[in-house]
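Chemist: Please work out how this folds:
(one chain, ligands or ions: 1)
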Amino acid sequence: MTRTIWFLTGNSGKLREATHHLLPLGYEVRQLILKEGEIIEPQVDTLEEVAQSKIAQALLHIPDGQQSQDMIMVEDAGLFIDALNGFPGVYSSYILDTIGCNGIVRLLEHLQSEDTVQCAQLRSAQFQAVAALWMDGQILYGNGTCPGWIALESSGEDGFGFDPVFTPNDLDAFGEPLPPGTYGEKSAHGKTFGSISIEEKQAYSHRSRALNDLLRQLPSA
Ligand code: IMP
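Modeler: As a prediction, this is how the structure comes out:
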């Protein structure tokens, strides 16, 4: 029997990506869209807590609620800057809307070095993502990280959010991230996510890493 996963997202790109991964495993992915006012973005400390709160809210909107044989998936991400103790983290959307990419660059103005490796270390940051799935009364969590650093200035027209100020660390031959300044099999050559193609960004993506981590825990339908 095909089981349905309700994916709480307004983003059709995220829906396509999830369907691509889950359909071959025997899951039907359906989009759950809640109108403004039907879902509250909680003020909590971790991405897991954000995901947990969204699942609890989504449960009120699927057929049979807690008793449902269906599943619910949510995905949350954020930018965590080491020199700012993880800020903006769970507040990434709000900070993007208020101070934006240029505000982030200004906050790190004092952290610069002629030495590129040292500069990358001083300005280190990660995108983190959590993919959470409610099934049979339990929640499974998948985590994904993309380490890199904050560029000295905004660049690139591609991408969204903090892409214009984020440069990913290189990856080794297995697709795993290397320490800042280490050359690897795959490199953005110091360019920001805003300056490389979506296909190229995919190899570094915290989101697909979180989804893959979740898939590893999932039984076939
Ligand atoms: P969401 O939980 O996926 O909506 O992400 C929350 C916020 O984190 C977004 O509004 C962006 O500001 C930021 N963000 C998450 N993932 C990315 C990314 O891949 N590139 C740029 N910004 C991102």
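Chemist: got the contact list for whichever residue of the chain sits closest to the ligand?
Modeler: Residue nearest to the ligand within the chain (Cβ to the nearest ligand atom): G161, separated by 2.4 Å. Where you see a C-beta, it was placed from the backbone N, CA and C, and this is true even at glycine. Contacts for G161 were tallied using Cβ atoms under 8 Å, 6 or more residues apart in numbering; they are L79, S92, L96.
Chemist: Try it again at 6 Å.
Modeler: Contacts for G161 (Cβ atoms under 6 Å, 6 or more residues apart in numbering) come out as L96.
Chemist: Kindly report the same for I95.
Modeler: Taking Cβ under 6 Å, 6+ apart, one finds P88 in contact with I95.
Chemist: With E185 as the reference, measure out to the residue of the chain closest to the ligand.
Modeler: 26 Å (Cβ to Cβ, to the nearest Å).
Chemist: returning to what we had before: so the residue of the chain closest to the ligand sits in a helix?
Modeler: No - looking at G161 with DSSP: H, G, I helix; E, B strand; the rest coil, it is coil, so not inside a helix.
Chemist: give me the low-pLDDT residue ranges for this protein?
Modeler: 220-221 (pLDDT under 70).
Chemist: residue boundaries of the strands in it?
Modeler: With strands called from DSSP state E, the chain shows them at 3-8, 27-32, 71-81, 124-135, 138-150, 166-168.
Chemist: which residues touch the third one?
Modeler: Strand 71-81 is contacted from outside by 5-8, 47, 50-51, 54-55, 58, 86-87, 89-90, 92, 125-135, 162, using Cβ under 6 Å, 6+ apart.
Chemist: Surely T167 and T192 touch.
Modeler: Yes - between T167 and T192 there is a contact at 5.2 Å, judged by Cβ atoms under 6 Å.
Chemist: list residues touching both of the two?
Modeler: Taking Cβ under 6 Å, 6+ apart as the contact rule, T167 and T192 both touch A151.
Chemist: which residues touch G65?
Modeler: L59.
Chemist: Those residues of the chain touching the ligand, which are they?
Modeler: 76-79, 92-93, 96, 127, 159-163, 193 (Cβ under 6 Å from any ligand atom).
Chemist: Show me which of these are buried.
Modeler: D76, A77, G78, L79, S92, L96, F127, G159, G161, F162, D163, F193 (16 or more other Cβ atoms under 10 Å).
Chemist: Count residues in the vicinity of P164, would you?
Modeler: P164: 23 surrounding residues under other Cβ atoms under 10 Å.
Chemist: List the contacts of it.
Modeler: Applying Cβ under 6 Å, 6+ apart, the residues near P164 are C101, S154, S155, G156, T192, G194.
Chemist: Distance-wise, check it relative to I150.
Modeler: 11 Å.
Chemist: Ok, G10 next?
Modeler: Relative to I150, and taking Cβ to Cβ, G10 is found at 27 Å.
Chemist: between the two, which one's more packed in?
Modeler: Shown here are G10 and I150; by other Cβ under 10 Å, I150 has more neighbours (27 against 11).
Chemist: How much space separates R16 from V29?
Modeler: Counting by Cβ to Cβ - R16 and V29 are separated by 9 Å.
Chemist: between these two, which one's more packed in?
Modeler: Between R16 and V29, V29 has the larger neighbour count (other Cβ under 10 Å), namely 19 against 10.
Chemist: what's near enough to touch that one?
Modeler: I5, F7, A18, T19, L22.
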